[in-house]
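K.L.:
Build me a structure from this.
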Amino acid sequence: MRLLLCVFLYLVGVIQATNTTTTTSDSFKVPSPSFTTRTLWTIVSSSVLTLFACVYSAIHPNIPSPKHSPGGILLQRLGITIMALIAPELIATWAMRQWLSARQVTKQFETSGYYDHTWTQTHSFFVLMGGFMLYVDGRPCHTLRPDYILKLIREGYIDAPTLTAEQIHDRSKGDAISKGLVVLQVGWFVMQLITRVIYNLEITLLEVGTFAFAVLNFLTYAMWWNKPLNVEFPHPVYWKSTESKPEDHIEYVCASTDVPLLIMSASVSVTKKKTAGLGIMPLIFRPILELIGMPGIPISRRLQVPTFDGSIKLKGWARFALAQSAFVMAAVFGAIHVLAWNVAFPIYQEQVLWNLSGIAIVCAPSLGMYIYIWLFLCRPALRWLSFPICILYVMLYVTARAILLVLMFATLDNLPPDAYKAVSWTSFVPHL
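P.N.:
Coordinates of the predicted model:
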């Protein structure tokens, strides 16, 4: 927060210094700033760096399994990054769910009597990301969920972990300065975009799309500010009993369990049997179902926590707030693209594609969910339509996102002259 305050004061000083060099004949007129030129490389590099900060640097992944190779960890991170490009509101929802879950877990541990005020929000994030691993005979056995830790401490099978918040932050690959630099870059990008709007300078579609990512990025970073970044190994917790085994006290879940077709065909009864023939469907719907906390979805894998973990059952108000926030974030993300309705397009067909895709992103998530609920509650005989409707809306959303991403770069070859102008004082603000 101090870093952000310093940046704000710096910006105020720069703006005031710029305003003193302008004419003051009419105190009610907006000062006319001096302009400079920027190149296509400047536009692309600033946007891509900000986009990278939003879809890669801002992601705080859970701790990987000890059995994962570096290549497997990299592929997993790449998959999350691609998902962040396609559905950034899903990442923001993930961050919000973990923040709400961490608040709930913190209260649970503070009232347990084992930690008093030594258990912090950082501890809660750490346990939710798979930070405590149960070891039996020197080997990793199971990732400990918050309720498992309290249960096994109460029954005397493990000692209460004594890891401090400072030790957890020491494992993290990011601190307030590194996170602040990312926020600084994103903040600078948003600031210079606002100045372009104020002085009626042309904005490229790449900048509009990046701005949409930046808006969700601020929320994501705010939710994950106390979450450790890129922790590679969990903290060991050792099994003490020689008379019983961990499987007698905690639930073991197979990591290869797939989501059956029954979920999407409207029965919502999920079994733990491995399902064949679903193809790519589990990859599309599983993150959403995990975030919702759908009954029957594996809530903990043996040696790692699922990426979009829904093991903490949120209370009514929190779950409702999370669901509504997810729809609002999706609508805001799409609405920002729609705001570029009258931006100069090289080809009329590209303008139509951009506007229709933006509208699809605004409407598809909430409309699809409301139709799904309506079929369930009001038309039981038509529940079989829920599966094709889900497929249709997912295909519509993914197609619209792909079109927007392509147009963001495809329209750079024919920019109007005003797009190469820039307000001079924005270059004085520290950025990458």
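K.L.:
Please work out how many residues are found near Tyr44.
P.N.:
Rather than Tyr, residue 44 is Val. Look at Val44: counted by other C-beta atoms under 10 Å, it has 15 neighbours. C-beta: built from backbone N, CA, C; applies to glycine.
K.L.:
is it true that it lies in a helix?
P.N.:
Yes: according to DSSP: H, G, I helix; E, B strand; the rest coil, the state of Val44 is that of a helix.
K.L.:
these two touch, right, it and Leu412?
P.N.:
Yes: using C-beta atoms under 8 Å, Val44 makes contact with Leu412 at a distance of 6.9 Å.
K.L.:
what do those two both touch?
P.N.:
Taking C-beta atoms under 8 Å, 6 or more residues apart in numbering as the contact definition, Val44 and Leu412 share the neighbouring residues Leu206.
K.L.:
in the stretch 201-350 of the chain, what spans have low per-residue confidence?
P.N.:
251-301 (pLDDT under 70).
K.L.:
Could you rerun that using 90?
P.N.:
201-203, 214-222, 225-226, 229-233, 240-332, 334, 339-348, 350 (pLDDT under 90).
K.L.:
residue ranges for the strands of it, please.
P.N.:
Using DSSP state E, counting those that start in this stretch, the strands of the stretch 201-350 of the chain run over residues 235-238.
K.L.:
now the helices: where do they sit in it?
P.N.:
For the stretch 201-350 of the chain, the helices defined by DSSP state H, counting those that start in this stretch occupy 205-223, 261-264, 281-292, 316-338, 348-378.
K.L.:
Need the winner for burial among those.
P.N.:
Compared across those, helix 205-223 shows the largest average neighbour count, a mean of 22 (mean count of other C-beta atoms under 10 Å).
K.L.:
Could you export that one as CSV, CA atoms only?
P.N.:
What follows is helix 205-223, C-alpha atoms only, in CSV (Å, rounded to 0.1, in the frame of the first residue of the first chain):
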residue,chain,number,x,y,z
LEU,A,205,-8.1,-2.6,-30.1
LEU,A,206,-5.0,-4.3,-28.6
GLU,A,207,-5.1,-1.6,-25.8
VAL,A,208,-8.8,-2.0,-25.3
GLY,A,209,-8.5,-5.8,-24.9
THR,A,210,-5.5,-5.3,-22.6
PHE,A,211,-7.4,-2.8,-20.5
ALA,A,212,-10.2,-5.4,-20.0
PHE,A,213,-7.6,-7.9,-18.6
ALA,A,214,-6.1,-5.1,-16.4
VAL,A,215,-9.4,-4.4,-14.7
LEU,A,216,-9.8,-8.0,-13.7
ASN,A,217,-6.1,-8.2,-12.8
PHE,A,218,-6.5,-5.5,-10.1
LEU,A,219,-9.2,-7.7,-8.4
THR,A,220,-7.1,-10.8,-8.7
TYR,A,221,-4.0,-9.2,-7.2
ALA,A,222,-6.1,-7.7,-4.4
MET,A,223,-7.5,-11.1,-3.5
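K.L.:
which other helices and strands contact it?
P.N.:
helix 40-52, helix 88-110, helix 176-198, helix 316-338, helix 386-410 (3 or more C-beta pairs under 8 Å, 6 or more residues apart in numbering; DSSP states H and E).
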